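A.B. asks: What follows is a predicted structure for the sequence shown.
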Amino acid sequence: MTKQISWNDFEKVELQVGTIVKTEDFPEAKKPAYKLWIDFGKLGIKKSCAQITSLYKKDELVGKQVLCVTNFPPKQVANFVSEVLVTGFVLENGEVVLAQPERKVPNGLKLK
């Protein structure tokens, strides 16, 4: 059974859309991952890392919009500081499908 949360709990989570503007390999990560730089409009460009190498190539990620949690504290991952959490759907085999808007929206727009 899924653990229920209150509406107030949900309202605390900042989910915003951003556009990936830069990607790099992340060989220092324990599992295959990319370093991502994501433009959130007024919020600026934030860094993240994501274990999405099996379904996505670096060059196809640039320009793609993704849904991210933007109000977690920064997290040190190997030698990289991740500032936002990129969201996705984890398949049974461990592959991650990115959560994205179905059409282009302004960077920084919040999910409500």
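C.D. replies: That came in fine, so what should we check first? Residues are numbered from 1 along each chain as shown.
A.B. asks: same question for the lengthiest helix in the chain, mean pLDDT?
C.D. replies: Identified as the longest helix of the chain according to DSSP state H is helix 7-12. Mean per-residue pLDDT for helix 7-12: 92.
A.B. asks: Quick check: next helix or strand after it?
C.D. replies: strand 15-25 (DSSP states H and E).
A.B. asks: Of all the residues in that next one, which ones are buried?
C.D. replies: 15-20, 23 (16 or more other C-beta atoms under 10 Å). For the C-beta atoms, the positions are set from N, CA and C on the backbone; glycine is no exception.
A.B. asks: Switch those over to a markdown table; also include pLDDT and distance to R103.
C.D. replies: Formatted as a markdown table, the buried residues of strand 15-25 follow (pLDDT from 0 to 100; distance: C-beta to C-beta, whole Å):
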| residue | pLDDT | distance to R103 |
| --- | --- | --- |
| L15 | 98 | 17 |
| Q16 | 98 | 16 |
| V17 | 98 | 11 |
| G18 | 98 | 15 |
| T19 | 98 | 13 |
| I20 | 98 | 17 |
| T23 | 98 | 22 |
